[in-house]
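In: could you look at this predicted model? Sequence included:
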Amino acid sequence: MLPEYRVMTTMGPMTQIPGRVRTVIERVYPSIDCGRFPIKRVTGESVTVRADVFADGHDRVRCVLADRAPGRQSWTEREMRFVDNDRWEGSFSVDTLGEHAYTVCAWVDHFGGWRDGLSKKVKAGLEVSLELLTGANLVAAAAERALRTGSAAPLGNEAPHTGRKTRRSEAARLTELAKRLADENKTAEQRIDLALSNELRDLALRYPDRSRESRLDKPLWVRVDPERAGFSSWYEMFPRSTSSTAGKHGTFRDCERLLPYVSEMGFDVLYLPPVHPIGTTKRKGRNNTLTPTPDDPGSPWAIGSPEGGHTAIDPRLGNAEDFESLVRRAGEHGLDMALDIAFQCSPDHPWVSEHPEWFTIRPDGSVQFAENPPKKYEDIYPINFETDDWENLWRALRDVFRHWLKAGVKIFRVDNPHTKSFAFWEWVIAELKRDYPEAVFLSEAFTRPKVMYRLAKLGFTQSYTYFTWRNNATEMRAYLEELTTTEAMEFFRPNFWPNTPDILHADLQQGGRPAFIARVVLAATLSSNYGIYGPAFELLQNTPRESGSEEYLDSEKYEIKVWNRDDPDSLRPIIAKLNYARREHEALQRNDTLRFHSTDNPEIMAYSKHSPDLDCIVFVVVSFDYQHAQSGWVEFGPSKLGVRSTNQYMVYDLLAEEGYRWQDGWNYVELRPTNAPAHVFRVVPLDRDDDQSEAAW
């Protein structure tokens with residue numbers, strides 16, 4: 001049997017709670033569906049954990065945040081700090097790929113409570129001889145705990161356990177202090193000074209009584225992915241349209257020739273649609289016609305022919321050696337290869353004859369083809385995930401991924417995952433990430449919000465979004481605030497695409513060049529992950545198949561295209577500047593610092609991002625009117641972030657390469673569709689006596 005996926009909870013049965021445990025841990029954040037799913041981070045990022053921690057009565061509590069890296073048995077603990085209203089907070093960093101565990105532990109702090117009570121009584125002038133004896137007993141108990149192997153409660157960034165020699169030394173010192181505290185031959189003042197000394201406090205707190213601590217019933221998890229999961233710029237290209245000879249089928253060797261073109265635009269992921277043999281049965285012709293000519297290449301998503309299926313390569317593109325060469329050469333140009341994985345078959349796929357049980361058989365004995373009534377997709381057979389032979393099916397699909405991982409592909413764009421089994425995705429991604437923790441999976445699911453979120457929780461690294469259909473400032477702001485200020489930010493990594501081979505939105509059809517510029521600026525600056533389908537995008541392809549359609553006329557899905565990549569009207573220079581800005585400015589490599597700023601014009605949207613240390617601030621202004629000039633005032637307040645300034649700033653447009661002097665408060669902007677439908681400003685605070693700062697720009 002295939003292994004079952006993990007189910008986690010954060011509360012156990014009442015009968016398992018020891019009667020003397022008094023501390024309570026509630027509302028732990030982040031925790032996705034009560035710990036059922038892991039949160040997500042990339043290497044080098046931190047995890048900030050918050051929890052409500054308290055006990056009955058008025059006793060003090062202490063709590064620690066414990067984390068454990070993949071492959072480690074021991075936990076590292078860091079003391080959590082009190083925020084307010086019984087809310088505590090702590091953080092840890094993740095530097096290893098894989099699944100890290102974390103939990104919260106809490107206990108009643110008897111020593112700290114005693115010390116506080118003693119201080120209050122001393123200030124009130126009360127007699128405290130019994131309190132001093134009580135403290136001596138607490139310190140003596142701490143000395144005993146110091147001698148027990150592994151009993152220390154490590155705080156700060158210390159190692160999991162204090163060394164034996166150090167423990168013995170500290171135990172001896174605690175024993176000495178306990179005796180002095182109980183020594184009635186000393187004056188009350190001497191004993192009180194000792195009781196309230198920093199030395200005694202620091203030593204005793206290192207060895208608390210945690211025998212009655214509480215902790216989460218099950219650890220929580222954070223899945224740590226490679227940096228590419230959190231910051232990436234994708235370029236989609238059909239390899240069959242890369243030939244330098246018009247009308248000739250392109251090859252992987254032709255793709256190699258175009259690697260500098262993609263790399264010089266600043267992209268770091270080259271994404272190829274399916275590269276497998278294409279079926280001939282019910283093959284589609286140009287513009288999705290049902291009557292193809294012999295020269296029509298068919299849709300790459302109609303996968304499989306007698307030449308092979310999902311692990312085979314269309315011989316017109318080359319062979320396995322050619323593909324692996326392309327992967328290597330792409331890496332030399334700073335490009336990671338991403339491959340489309342579409343789990344569906346053409347009628348000619350070998351699985352159809354070898355494993356008919358993996359498909360839905362209709363009453364007349366024929367195989368059920370894909371359809372979305374009234375549309376029919378007779379060139380594609382969906383896979384039946386309710387088959388009785390599901391275990392062998394799952395293994396076969398897993399092995400498709402493994403085949404391409406061994407060929408050097410580490411990034412996968414997965415086609416329509418929402419039409420496949422949720423249980424399968426959770427299992428297969430966990431299986432693959434175990435051996436290839438650097439693998440990245442992009443979910444291409446334009447479907448209901450909860451389904452998209454579920455796929456992200458199950459393990460998909462990045463996700464397509466509704467960005468394409470958010471077409472005014474109000475809608476866009478609301479959507480981004482959902483993605484970046486709610487629980488979704490802990491597990492859902494958006495990847496924004498202004499176009500795809502399937503989607504040519506009306507904004508691009510009607511807005512022309514200004515719309516293309518504005519939409520790519522929005523995609524590249526609102527999200528740390530974005531992509532374009534090129535060369536259709538940079539060459540401003542915007543003719544729909546018919547009015548009201550989001551399909552391209554003469555779609556590349558059904559024919560080989562000839563692209564004039566040297567077109568002087570290409571957006572290539574602008575895209576290159578945009579990607580350069582993304583690489584050079586840390587603020588654009590994250591989503592958690594996105595902040596929207598007020599404007600007095602509803603057609604204009606303003607927002608900023610900043611690096612954690614505030615050394616890098618980027619301020620973006622975009623017009624949603626692609627036909628007319630728009631102007632207005634935008635609220636600009638870097639000082640609210642904690643930036644030291646004398647109210648003066650330089651804002652330098654990274655696209656137009658022009659600078660302006662702005663001030664805290666409201667500043668005027670003007671956006672013209674003909675040359676500047678968007679500004680991407682780098683913000684630099686100026687000192688009033690620093691005349692060189694502006695000149696440096």
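Out: The structure has been received and is ready for your questions.
In: the stretch 51-200 of the chain: strands as residue ranges?
Out: With strands called from DSSP state E, counting those that start in this stretch, the stretch 51-200 of the chain shows them at 61-68, 76-79, 81-84, 87-93, 98-108.
In: same question for the stretch 551-697 of the chain.
Out: Secondary structure of the stretch 551-697 of the chain (DSSP E, counting those that start in this stretch): strands located at 595-597, 604-610, 617-623, 630-636, 648-653, 658-663, 665-671, 678-686.
In: those into TSV, with extra columns for mean neighbour count and mean pLDDT?
Out: For glycine as for every other residue, the C-beta is placed from the backbone atoms N, C-alpha and C. Below are the strands of the stretch 551-697 of the chain laid out as TSV (neighbours: other C-beta atoms under 10 Å; pLDDT from 0 to 100):
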stretch	mean neighbour count	mean pLDDT
strand 595-597	16	97
strand 604-610	23	97
strand 617-623	25	98
strand 630-636	19	97
strand 648-653	20	94
strand 658-663	16	94
strand 665-671	16	96
strand 678-686	22	95
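In: count the neighbours of residue 147 for me.
Out: Per other C-beta atoms under 10 Å, the neighbour tally for residue 147 reads 16.
In: quick one: contacts for the residue nearest to it when sequence neighbours are not counted?
Out: Once flanking residues are discounted, residue 147 sits nearest to residue 171: 4.8 Å by C-beta to C-beta, 6 or more residues apart in numbering. Counting by C-beta atoms under 8 Å, 6 or more residues apart in numbering, residue 171 makes contact with 143, 144, 146, 147.
In: same thing but 6 Å
Out: By C-beta atoms under 6 Å, 6 or more residues apart in numbering, the contact list for residue 171 reads 143, 146, 147.
In: skipping adjacent residues, who's closest to the first one in space?
Out: In other words, residue 143. Residue 143 sits nearest to residue 174 (C-beta to C-beta, 6+ apart), 3.7 Å away.
In: which residues touch that neighbour?
Out: By C-beta under 6 Å, 6+ apart, the neighbours of residue 174 are 139, 142, 143, 203.
In: how near is the second one to residue 182?
Out: Using C-beta to C-beta, to the nearest Å, one gets 14 Å for the distance from residue 142 to residue 182.
In: quick one, which of those two is more surrounded?
Out: Per other C-beta under 10 Å, whichever of residue 142 and residue 182 has more neighbours is residue 142, with 25 against 17.
In: where does pLDDT dip in the protein?
Out: The model of the chain has pLDDT under 70 over residues 1-17, 149-162, 687-697.
In: so which elements touch the longest helix anywhere in it?
Out: In the chain, with assignment by DSSP state H, the single longest helix is helix 506-526. Applying 3 or more C-beta pairs under 6 Å, 6 or more residues apart in numbering; DSSP states H and E, one finds that helix 506-526 contacts strand 617-623.
In: which residues touch the strand it packs on?
Out: Residues from elsewhere that reach strand 617-623, judged by C-beta under 6 Å, 6+ apart: 518, 521-522, 525, 585, 587-588, 603-610, 630, 638, 669, 671, 677-681, 683.
In: could the strands of the stretch 551-697 of the chain go into JSON lines alongside distance to residue 445?
Out: Output for the strands of the stretch 551-697 of the chain, formatted as JSON lines (distance: least, C-beta to C-beta, whole Å):
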{"stretch": "strand 595-597", "distance to residue 445": "27"}
{"stretch": "strand 604-610", "distance to residue 445": "26"}
{"stretch": "strand 617-623", "distance to residue 445": "27"}
{"stretch": "strand 630-636", "distance to residue 445": "34"}
{"stretch": "strand 648-653", "distance to residue 445": "36"}
{"stretch": "strand 658-663", "distance to residue 445": "41"}
{"stretch": "strand 665-671", "distance to residue 445": "34"}
{"stretch": "strand 678-686", "distance to residue 445": "29"}
